[in-house]
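[1] Next come a sequence and a model predicted from it.
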Amino acid sequence: MFSRFSYLTPYLLLIVAGCGITLSLAPFDIAPAAIAALMVLYHLQNKALGKQIFYYPFVFSAALFISGCYWIYISMNTYGGASPPLALLMTLMFCLFLALLIPPFLMLYKSIFSNLPATLKALAFASLWLLSEWLRTWFLTGFPWMFIGYSQTLGWLNAWAPIIGTLGISFLLAFSAALLMELIHTVKAKKQAVQGLLPVVLLLIIWLSPLALKQLSFTDNKSDRAYKVALIQPDISLYKKWNPRFLYQDMQYHRQVSNAMPEQDIILWAETAVAAMYHQSEFYLSLLDDEAKKADTAIILGIPSQWLKEDRYVYHNSMIGVGKASGIYHKQKLVPFGEYVPFEKQLRGLIEFFDLPLSEFRPGPANQEALIAKDLKIMPYICYEIVYPDFVAKTAGLSDVLLTVSNDAWFGDSIGPLQHLQMVQMRAIETGRYILRGTNTGVTAVINHRGQIIDQLPQFERGILKSEIYAREGLTPMARFGSWPVVLFSIAVLLLGFIAQRRR
């Protein structure tokens with residue numbers, strides 16, 4: 001019995017450690033849990049034998065994604081119409097698929113780099129962890145969620161974010177965890193103190209450098225003018241949202257509320273605030289446009305749109321400006337199954353979840369221009385798009401202010417919307433821009449260029465959030481170069497480690 005317990009102990013530790021990553025992120029924000037979790041993974045992967053080099057990181061990753069992304073079940077079951085067993089199965093399959101993306105990197109670490117000198121070994125571990133997160137930003141359109149760097153969104157290492165971004169902070173956390181474990185091994189083995197000196201020096205550099213970095217500012221206010229903004233959170237249930245019986249009532253609410261705020265420079269409505277196609281709403285939008293111009297107000301709103309392209313109709317999830325705002329933006333990063341259905345011919349009609357309203361969107365073109373609101377250039381990101389670090393970094397420099405809209409009602413009263421908000425905060429730090437976040441049910445918020453929430457509304461309450469923002473100019477290193485410097489650095493570390501291993 002004891003031998004069986006001893007066999008299971010590493011797996012139990014890895015399950016706890018994987019869940020620890022979730023605890024390090026919003027809404028729990030127990031930041032040290034991320035380092036502790038990676039220390040466990042690093043230690044056990046170094047001791048792994050045979051098939052354990054796959055099983056250990058897989059169990060860790062499975063615990064990470066199941067505990068951190070369980071809220072996908074809510075969208076499938078509560079709103080997607082999938083039965084509880086089927087929704088549970090689909091959620092589990094999705095999480096386990098994500099879990100499969102991490103083990104190959106740590107198997108490579110164990111096979112090639114685990115016998116290197118301590119510091120180079122720790123560098124290789126951190127590099128491979130970073131590359132596993134980077135893979136998730138683009139593989140099969142990407143799912144850039146649950147990055148450990150987000151544990152430092154308002155933590156001590158967030159001073160690195162404008163320079164090396166979220167992935168870079170993930171690297172520093174993984175490197176710190178590995179160095180700490182190497183120090184523990186050095187102390188336990190009673191090795192010479194000089195062997196532990198370099199890890200100590202590197203840890204001090206990583207964790208003391210924010211003292212200087214926090215004094216840097218890569219962006220500045222363009223002027224002293226404060227723009228008055230209002231964000232409408234209608235708190236409309238998904239059942240009413242797409243029910244034609246409630247369309248007029250919903251549209252009139254938004255119009256009346258907007259007309260009652262002539263003192264605001266910018267009024268923001270949430271994603272698909274108008275639950276009707278653009279071409280079907282032209283009279284309403286024209287009326288809204290006239291009223292907003294008379295009030296000298298810019299209104300930016302979400303609306304689905306239909307366009308004739310190459311003899312067929314194409315649907316987009318769009319943002320448009322009316323009144324003192326202009327321009328149109330079509331969402332580029334679509335949510336699989338929510339906004340489009342992979343293998344559409346095979347899956348359509350199988351279950352209600354594959355036939356959700358507006359699940360036939362197509363991505364908008366690249367290199368779209370910013371919306372104009374008064375004299376502000378505002379770059380919009382619709383829902384899921386804001387979680388892509390490099391996608392936002394690439395376009396942030398084209399704007400004075402960033403904007404994101406969402407409808408996180410799909411995930412109910414879970415941790416999903418709060419994780420989403422945390423990622424928006426990190427985008428503000430990385431780009432040095434204010435961000436307006438308008439949502440249907442919350443969290444609606446105004447975030448400054450340091451990632452701090454200036455004002456916000458409670459979830460699941462109808463309300464109007466009034467605040468002030470400033471236009472910013474200048475580029476952070478992250479906005480200028482994206483994640484490529486840390487990705488290329490990690491690849492260089494691995495090449496160096498491979499050469500060092502060959503020479504041993």
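    Ah, there it is. Numbering: from 1, shown residues only.

[2] how about M319, what does it touch?
    Contact partners of M319, counting by C-beta atoms under 8 Å, 6 or more residues apart in numbering, are 300-303, 328-329, 371, 380, 382, 403, 405. Where C-beta positions appear, they are placed from N, C-alpha and C, glycine not excepted.

[3] which residues does it form a beta bridge with?
    For M319, the beta-bridge partners under DSSP bridges are G302, Y329.

[4] And it, how far from L301?
    As defined by C-beta to C-beta, to the nearest Å, M319 lies at a distance of 7 Å from L301.

[5] Show me this protein divided up by domain.
    Domains of the chain are assigned by automatic domain parsing as 2-217+484-503, 222-469.

[6] tell me the average confidence for the longest one?
    Summarised as a single mean, pLDDT over domain 222-469 is 91.

[7] Please report the separation between the first and final residues of it.
    The separation between the terminal residues of domain 222-469, taken as C-alpha to C-alpha, to the nearest Å, is 11 Å.

[8] Redo the domains of the chain as a markdown table? Include distance to P477.
    Putting those into a markdown table (distance: least, C-beta to C-beta, whole Å) gives the following:
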| stretch | distance to P477 |
| --- | --- |
| domain 2-217+484-503 | 5 |
| domain 222-469 | 9 |
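
[9] doesn't I378 fall inside a strand?
    Yes - counting by DSSP: H, G, I helix; E, B strand; the rest coil, I378 is found in a strand.

[10] was I right about it contacting L371?
    Yes - here I378 reaches L371: they are 4.9 Å apart, a contact under C-beta atoms under 8 Å.

[11] Of these two, which one has the most company?
    I378 (29 against 23; other C-beta atoms under 10 Å).

[12] what are the bridge partners for the more buried one, then?
    Bridge pairing for I378 - DSSP bridges - gives L371, V401.

[13] quick one: it and H330, what's the gap?
    Noted for I378: a distance of 15 Å to H330, by C-beta to C-beta.

[14] Name the residues of the biggest helix by length in the chain that come out as buried.
    Identified as the longest helix of the chain according to DSSP state H is helix 161-189. By 16 or more other C-beta atoms under 10 Å, the buried positions in helix 161-189 come out as 161-183, 186.

[15] My guess is V493 contacts A124. True?
    Yes - between V493 and A124 a contact is recorded at 6.2 Å, counting by C-beta under 8 Å.

[16] more neighbours, those two?
    Neighbour count, other C-beta under 10 Å: between V493 and A124, A124 has more, with 26 against 21.

[17] Confirm that the more buried one lies within a helix, as I assumed.
    Yes - counting by three-state DSSP, A124 is located in a helix.

[18] ok, it - contacts?
    109, 112-113, 116, 493-494, 497.

[19] Of those residues, which is the nearest to Q419?
    Q419 lies nearest to Y109 out of these, by C-beta to C-beta, at 27.1 Å.

[20] Look at the closest one and report its pLDDT.
    Note on Y109: pLDDT of 98.

[21] sec struct for the residue lying closest to it once chain neighbours are set aside, please.
    Among residues not flanking Y109 along the chain, L128 sits closest, at 5.0 Å (C-beta to C-beta, 6 or more residues apart in numbering). For L128, the assignment made with three-state DSSP gives helix.

[22] got it, and the one 3 residues further on?
    Per three-state DSSP, the secondary structure class of L131 is helix.

[23] re the thing from before, could you figure out how far the following helix or strand past the longest helix of the chain is turned away from helix 161-189?
    Once helix 161-189 ends, the next helix or strand along the chain (criterion: DSSP states H and E) is helix 197-208. Angle, helix 197-208 to helix 161-189, by axes from the mean of the first three to the mean of the last three C-alpha atoms, to 10 degrees: 150 degrees.

[24] buried residues in helix 197-208?
    Applying 16+ other C-beta under 10 Å to helix 197-208 flags 199, 202-203, 206 as buried.

[25] For the stretch 201-350 of the chain, which segments count as strands?
    Assigned by DSSP state E, counting those that start in this stretch, the strands in the stretch 201-350 of the chain fall at 220-221, 227-233, 266-268, 298-309, 312-323, 325-326, 328-330.

[26] With distance to L64 added, can I get the ones you listed in TSV?
    Output for the strands of the stretch 201-350 of the chain, formatted as TSV (distance: least, C-beta to C-beta, whole Å):
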stretch	distance to L64
strand 220-221	39
strand 227-233	31
strand 266-268	34
strand 298-309	32
strand 312-323	29
strand 325-326	41
strand 328-330	33
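
[27] what's the closest of these to G451?
    strand 220-221 (16.5 Å).

[28] Neighbours of S258, how many?
    For S258, the count of nearby residues is 24 (other C-beta under 10 Å).

[29] ok, now the one 3 residues further on?
    Applying other C-beta under 10 Å, we find 16 residues neighbouring M261.

[30] How about the contacts made by it?
    Here M261 is in contact with 230, 267, 297, 464, 466 (C-beta under 8 Å, 6+ apart).

[31] ditto for P458
    By C-beta under 8 Å, 6+ apart, P458 lies in contact with G442.

[32] Assign it to helix, strand or coil.
    Classified using three-state DSSP, P458 is coil.

[33] ditto for the one 10 residues further on
    Classification of E468 into helix, strand or coil gives strand, according to three-state DSSP.

[34] Can you pull up the most central residue in the protein?
    The residue lying closest to the centre of the chain (C-alpha atoms, centre = their mean) is V387, at 2.7 Å.

[35] Just give the number of residues close to the residue lying closest to it once chain neighbours are set aside.
    Closest residue to V387 apart from its sequence neighbours, by C-beta to C-beta, 6+ apart: M423 at 4.8 Å. Neighbour count for M423, taken as other C-beta under 10 Å: 22.
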